[in-house]
Each structure stands twice: as C-alpha cells, then as structure tokens.
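> requesting a structural model of the entry that follows:
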Amino acid sequence: MYVFVNGLVSVGLLAALAVLTGVPFIFPSVGPTAYQLFFLPRSKTSTPHNTLLAHLIGLVCGYIAFRASGVPVWTAMMKEGFDFRPVVAASVSLAVTAALMILLHASHPPAGATTLIVSLGLITNITDLAVIETAVLVITAQAFCVNRLAGLPYPVWRGPSSSTG
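Numbering: from 1, shown residues only. Below you'll find the predicted structure:
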C-alpha cells in the first residue's frame, strides 16, 4: 500500500507541475525511480546522492552519445536498410553510464532508462533534460519527506558507508 500510494502521489505531483507550468515533468524512467524510492527506501541505490547523480550521469552520457550519432532512432527506422548509429549510441551511453555510476558510487538502475531515452533521441532538448533532472529532484524530495514522516531513516544525501555503490 505504501508503494501504491506514494507512486500515485509522485506521478500526480509531477503531472500537476506539468499542467501548471506547461512543461513535461513526466518521463518513462520516473516510474522505476518512484518504485525504487518507495519500495526500497533504505537501499543505497535509493539515496538522494545515488538517485540525483545517476540520472545526471544518464542525461549527460545519453546526450553526448546522441549528439555523436546524430540520428534519432525513429529517423533511422524510416530509412531503407539498417542504420547502426542509434544502436551504437544506446550501447555506448548505457555502458558509460553504468561504468560511471559504479566508479562514482552512485548506482541507481532507473538511470539506465534515462540514458537510453536520451541517446535514442526521444528527448534531447537541453531544456527538457534540465526538466528531467528537476523532476528527479522533486520526487527525491518527496521521498525524503514521506520516508522520514513514516519513520524510516532515509538519508539526507548518502546512506551508511559500504563497499558497493
């Protein structure tokens, strides 16, 4: 019930922001992020540090890979034959995102979806990328407040030290 209610509130909050501002605050990887933050709130991968940094890594890696390939996936699919560039962009962005999340001790699996959304050219406008990170900030702040109100020891930034990211 906790995950159900908070998932509903999370998407409702972002939808309300979208309606009020006219800016799309809902994107595909916000669902797995909400699930992660409320189903596994005490997991290292659910800390604000991991959530915010991993999505930022995914956005940057996805954008660089998309710009390097220069071809949105839908454009490549409309051509005759096979265009490998979006495949390379997606593969490279996901690999680099995963490596950086591990190196920076900022693992958050939903960020893998974020990098694919961007590297495949589904969302590439810089303003929209900033909105994605803002949406992640909003849902992380909500998780902080709700999890703390529920009595869970949700961290302010990082969780207890561990050897894994």
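> report the separation between Ser91 and His49.
Computed with CB to CB, to the nearest Å, the distance linking Ser91 and His49 is 27 Å. (C-beta placed from N, C-alpha, C; glycine too.)
> what mean pLDDT does the longest helix seen in the chain get?
Using DSSP state H to define each element, the chain has its longest helix at helix 126-149. Across helix 126-149, pLDDT averages out at 96.
> next: stretch 55-71.
For stretch 55-71, mean pLDDT rounds to 95.
> repeat that for stretch 82-91.
Mean pLDDT, computed over stretch 82-91, is 89.
> residues of it that come out buried?
Asp83, Arg85, Pro86, Ala89, Ala90 (16 or more other CB atoms under 10 Å).
> that one: how far from the chain's middle?
How far stretch 82-91 lies from its chain's middle: 21 Å, per CA atoms, centre = their mean, to the nearest Å.
> what's in contact with that stretch?
The contact list for stretch 82-91, computed with CB atoms under 8 Å, 6 or more residues apart in numbering, reads 65-66, 68-73, 76-77, 116, 119-121.
> let's see that with 6 Å instead.
Stretch 82-91 has contacts (CB atoms under 6 Å, 6 or more residues apart in numbering) with Ala65, Phe66, Ser69, Val71, Val73, Ala76, Leu116, Ser119, Leu120.
> thinking again about what came up before, from the buried residues of stretch 82-91, pick the one nearest Ala18.
Of all the buried residues of stretch 82-91, Ala90 has the smallest distance to Ala18: 26.3 Å, by CB to CB.
> what about the residue nearest to that closest one when sequence neighbours are not counted, neighbour count?
Distances taken as CB to CB, 6 or more residues apart in numbering put Ser119 closest to Ala90, at 5.0 Å, once the chain neighbours are dropped. For Ser119, the tally of surrounding residues (other CB atoms under 10 Å) stands at 32.
> again with Leu137
Leu137 sits with 14 neighbouring residues when counted by other CB under 10 Å.
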